[in-house]
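> starting from these lines, generate the structure:
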Amino acid sequence: MQAPENFKFISSRRQFLKTSLIGTLLLTSSGWITGCLSSSQKTTLLVAEKEFQFLTAANQTLLQAICPTILDGELPCGKKRRDAMTSLLAEIDMFLSSLPLLLQEEIRQLFDLLNLSTGRILVARVWSRWETATIEEVESFLNHWRTSSLALLRDSHFTLQTLTIAAWYNNLFSWKSIGYPGSPQV
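Coordinates of the predicted model:
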């Protein structure tokens, strides 16, 4: 006796649901395990001694990978680069700390997505950790988001780019390179 057509459909739908559930559990557990492992590993930051109100250590690492690519050669070299990055991250932190809580939550979700290894790999298409990501990987990720057909990715790119550029040009380190003498003395 053969099973009716409806039973075969239900059987394959059940199989699909089981497979989906197993896949969801695997992704969730890998994200949780990765989070536990990465929080126990010490991260080398350019800005280890600075206290931030909004940016976590993982956010600082993420921005240290993204900002130089967005600024495309604007950062100075050597010791001045470290000082400029410290100042840039402080500007970003100060700006984000002053935003309304709803916007802070949205940006925190964006940073959390990019800091989670599954988010970094699946959404940003960056296989390396942010500490070891190359300029080419970061450029590819940013270009993919900039030209994406998904408005959410384009908006996220715009947020990262605007945040970085606004903080940079509000920063004393950028003023000399653009010929701005500073605020007039009153």
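> Arg120: how many residues sit nearby?
21 (other CB atoms under 10 Å). The C-beta positions use only the backbone N, C-alpha and C, and glycine is treated the same way.
> and Ile121, by the same measure?
12.
> and for Ala167?
For Ala167, the neighbour count with other CB under 10 Å is 23.
> ok, the residue lying closest to it once chain neighbours are set aside - contacts?
Once flanking residues are discounted, Ala167 sits nearest to Glu91: 3.8 Å by CB to CB, 6 or more residues apart in numbering. Shown in contact with Glu91 (CB atoms under 8 Å, 6 or more residues apart in numbering): Ala167, Trp168, Asn170, Asn171.
> which of those residues sit farthest apart?
Trp168 and Asn170 (7.3 Å; CB to CB).
> pLDDT below threshold where in this structure?
Scanning the chain for pLDDT under 70 picks out the ranges 1-50.
> please enumerate the helices of it.
5-40, 57-71, 79-97, 101-115, 117-122, 135-146, 151-169, 172-178 (DSSP state H).
> quick one: contacts for Phe54?
Contacts of Phe54 by CB under 8 Å, 6+ apart are Asp93, Leu96, Ser97, Gln104.
> may I see those residues arranged in JSON lines, with distance to Ser140 and neighbour count as well?
JSON lines is the format used below for the contacts of Phe54 (distance: CB to CB, whole Å; neighbours: other CB atoms under 10 Å):
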{"residue": "Asp93", "distance to Ser140": "27", "neighbour count": "21"}
{"residue": "Leu96", "distance to Ser140": "26", "neighbour count": "20"}
{"residue": "Ser97", "distance to Ser140": "31", "neighbour count": "12"}
{"residue": "Gln104", "distance to Ser140": "28", "neighbour count": "14"}
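> adding distance to Gln60, write those residues out as CSV.
Shown next, in CSV, are the contacts of Phe54 (distance: CB to CB, whole Å):
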residue, distance to Gln60
Asp93, 9
Leu96, 12
Ser97, 14
Gln104, 16
